[in-house]
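A.B. asks: I would like the atomic coordinates for the input below:
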Amino acid sequence: MRWATRITGWATLLVGYATVLLGIFPLRELPPKTELTRLLAATAGCAALWVLASLPARARRRAVPRRRARRRRSVPRQGPRTSRVLCWVLGFGIALSSAAALCQGVGPDGEEGEWLARAHRAGGAVYELRIARIVGEPHPTGTEINDAAEYASTLEVTVPFTTGVRRVTVDEVHTAGPPEAGRTVELMYVPDQPELGVRQAQGNDIGSFAGRIIALPTIWILTLAAGTATAVALRLREPGVRAARRFEPWVHLPAAALLLAGAGLVVPLLRGFPGTGTGWCLAAGAATTPWLAMAWVARTCRLRSGGGAGRAG
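C.D. replies: Model prediction:
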């Protein structure tokens, strides 16, 4: 049954890689993220199949007399090559999993995110609309756009809905310089659904601007560094990686529980739009679970090999 554990094990890694790569892809879909949720469930399913396939193999290993098992374990030292690739796959997989969780905190959130998702599903887009009137006094935001002071204003714009032209008042519209009647501003709306209203095109909020321009590149750079460091560390401890390939309930089940907890934390970000603070807390919590799972497996495998349990990998 070694072929069953190998197939299910590599299937778990491959499907898991597809999941995390989709999670960190810059052009991600807005919640509900159906494809990502399905891949996450498929990864869990493959892992469960690996556990089931490993149970008969573990039972046969335990049935072998300890003396014969020790004699057989003196031979595998000739072939440590089988885990070299796995060290790199696991090292980058752990880093990518953590990064994918963090990336779910980047983007529109809360009520604004819900509106944006509804508008996208209804076929909404960004259009240039002419300013009909400025309501109240524009106020500077303290930032700059293209070397011009940014202003926030309440504007009345002319919107050509499919049912007819209407004037719509839009709050907190950000412009480069003070707005003027007759100028155009980029706003988003759905032409055949006036009831959805009109809003500022995404680009000035923390989710879309600072998130995509600052947070995402930072996450990717740290992921590359962390993945390389983790892979090298695992390569230096290859006997432990080989030992971890054999299923042991007290090693792998707690690690699986940690990973399931991380998946549970990220699901609200895949299915909806929590507030900014809540979303980042969920993403950060989920991002820690791959490292906690790795630390648990490393510790228990080290105790197992060093505590005289009769298994050296």
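A.B. asks: What are the structural domain limits within this protein?
C.D. replies: 2-67+80-108+208-306, 122-204 (automatic domain parsing).
A.B. asks: okay, those domains in CSV with mean pLDDT and mean neighbour count next?
C.D. replies: Where C-beta positions appear, they are placed from N, C-alpha and C, glycine not excepted. Shown next, in CSV, are the domains of the chain (pLDDT from 0 to 100; neighbours: other C-beta atoms under 10 Å):
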stretch, mean pLDDT, mean neighbour count
domain 2-67+80-108+208-306, 87, 17
domain 122-204, 90, 15
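A.B. asks: how about these, which one is nearest residue 115?
C.D. replies: With C-beta to C-beta as the criterion, residue 115 lies closest to domain 122-204 of those, at 6.5 Å.
A.B. asks: how distant is stretch 230-241 from the center of its chain?
C.D. replies: The chain centre lies 25 Å from the centre of stretch 230-241; the measure is C-alpha atoms, centre = their mean, to the nearest Å.
A.B. asks: circling back to that earlier point, residue 116: which of the domains of the chain is closest?
C.D. replies: The nearest among those, by C-beta to C-beta, is domain 2-67+80-108+208-306 at 5.0 Å.
A.B. asks: got the domains of the chain as TSV, with distance to residue 116 columns?
C.D. replies: Below are the domains of the chain laid out as TSV (distance: least, C-beta to C-beta, whole Å):
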stretch	distance to residue 116
domain 2-67+80-108+208-306	5
domain 122-204	7
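A.B. asks: who touches the helix or strand hosting residue 138?
C.D. replies: Assigned by DSSP states H and E, residue 138 falls within strand 125-145. Contact partners of strand 125-145, identified using C-beta atoms under 8 Å, 6 or more residues apart in numbering, comprise 149-159, 167, 169, 174-176, 178-189, 198, 201.
A.B. asks: distance of the nearest residue to residue 52 once chain neighbours are set aside from residue 293?
C.D. replies: For residue 52, the nearest residue in space outside its immediate sequence neighbours is residue 8; the separation is 8.0 Å by C-beta to C-beta, 6 or more residues apart in numbering. Distance from residue 8 to residue 293, counting by C-beta to C-beta, to the nearest Å: 18 Å.
A.B. asks: again, but for residue 57
C.D. replies: Residue 57 is 22 Å from residue 293, by C-beta to C-beta.
A.B. asks: With residue 117 instead?
C.D. replies: In terms of C-beta to C-beta, residue 117 sits 32 Å off from residue 293.
A.B. asks: which non-adjacent residue is nearest residue 269?
C.D. replies: residue 104 (4.0 Å).
A.B. asks: Might you report the residue contacts of the one you found?
C.D. replies: 23, 266, 269-270, 279, 282-283, 286.
A.B. asks: For the nearest residue to residue 148 once chain neighbours are set aside, which residues are in contact?
C.D. replies: In space, and not counting its chain neighbours, residue 148 is closest to residue 176: 4.2 Å by C-beta to C-beta, 6+ apart. The contact partners of residue 176, taken as C-beta under 8 Å, 6+ apart, are 145-146, 148-150.
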